[in-house]
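A.B. asks: missing the sequence, but the structure's below:
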């Protein structure tokens, strides 16, 4: 295939994604914590997303999965809409769930439940990022508990794993606040910003969730008692 034909084919593919994003009948999901709302995102969320991504560029870039030979995450509206459509297809297929994190209607980050495996595994991974301006306020642990409740009680998964670069202290504090089980270090586990990085592995199973759900829900999701 010549370069021009490949380029035109790629344009046609991207245009089909755009059409899907604009014409699909969405059935949005919203999950509610104490302060956060996790909601599937649409084109209407682009301006809020772009403002946070632009302001927190340096804060986020060094932790994001990216091959040494690939470009950084595209932040134009067309690419954002395409990603929303891809997330919607994943949700319809049951392979992944992506949510924006909102506080008082304002976008502050993202959380994903990805690589869902059914059959004997019944497992998935949680990944997340948050606006630097609101980091440290307990919003991300709350979002993670909200996601775990959905994963274990609605999707009936058996195991959730969260993998974090060991030196990423803010992200590790999230799982440590929640008391998730540390399973060790996976060496050169994932390519992050062009380098193969070790990752600390944390996990929780359905049995652990059943034992700890009353505590976690009371601490992070139910209205606080003054």
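C.D. replies: All right, it came through fine. All of these numbers come straight from a predicted model, not from anything done at the bench. Numbering: from 1, shown residues only.

A.B. asks: can you give me the strands in this protein?
C.D. replies: Defined through DSSP state E, the strands belonging to the chain, from first to last, are 30-32, 36-39, 97-103, 106-117, 123-130, 159-164, 181-192, 195-205.

A.B. asks: angle of the third one against strand 123-130?
C.D. replies: So that's strand 97-103. Interaxial angle of strand 97-103 relative to strand 123-130 (axes from the mean of the first three to the mean of the last three CA atoms, to 10 degrees): 30 degrees.

A.B. asks: Relative to strand 97-103, what are the paired strands and their orientations?
C.D. replies: Each strand that strand 97-103 pairs with, and the sense of that pairing, follows from DSSP bridges: strand 36-39 (antiparallel), strand 106-117 (antiparallel).

A.B. asks: From the rest of the structure, what touches the longest one?
C.D. replies: Surrounding strand 106-117, the residues in contact under the criterion CB atoms under 8 Å, 6 or more residues apart in numbering are 36, 38, 41, 45, 48-49, 52, 90, 94-102, 123-131, 134, 139-140, 143-144, 147, 150-151, 155, 157, 160. Where C-beta positions appear, they are placed from N, C-alpha and C, glycine not excepted.

A.B. asks: What's the PyMOL syntax to select whichever of these are buried?
C.D. replies: Written as a PyMOL command, the selection of buried residues from the contacts of strand 106-117, which uses 16 or more other CB atoms under 10 Å, is:
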select buried, resi 36+38+41+45+48+49+52+90+96+97+98+99+100+101+102+123+124+125+126+127+128+129+130+131+134+139+140+143+144+147+150+151+157+160
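
A.B. asks: Residue 35 is in contact with residue 140, isn't it?
C.D. replies: No - between residue 35 and residue 140 there is no contact, the gap being 11.2 Å when judged by CB atoms under 8 Å.

A.B. asks: right, so of the strands of the chain, which gets closest to residue 175?
C.D. replies: Proximity to residue 175, assessed across these by CB to CB, is greatest for strand 195-205 (4.5 Å).

A.B. asks: Packing partners of the closest one?
C.D. replies: If you count contacts as 3 or more CB pairs under 8 Å, 6 or more residues apart in numbering; DSSP states H and E, strand 195-205 packs onto strand 159-164, strand 181-192.

A.B. asks: Which residues are in contact with residue 212?
C.D. replies: Shown here is residue 212, whose contacts under the criterion CB under 8 Å, 6+ apart are 179, 204.

A.B. asks: Quickly note the distance from it to residue 220.
C.D. replies: In this structure, residue 212 lies at 11 Å from residue 220, with CB to CB, to the nearest Å as the measure.

A.B. asks: do residue 181 as well
C.D. replies: Taking CB to CB as the measure, residue 181 falls 17 Å from residue 220.

A.B. asks: Of these two, which one has the most company?
C.D. replies: Comparing residue 181 with residue 220 by other CB atoms under 10 Å, the one with more neighbours is residue 220, at 23 against 12.

A.B. asks: from memory the more buried one sits against residue 35, does it?
C.D. replies: No - when contacts are counted by CB under 8 Å, residue 220 is not listed as touching residue 35 (9.5 Å).
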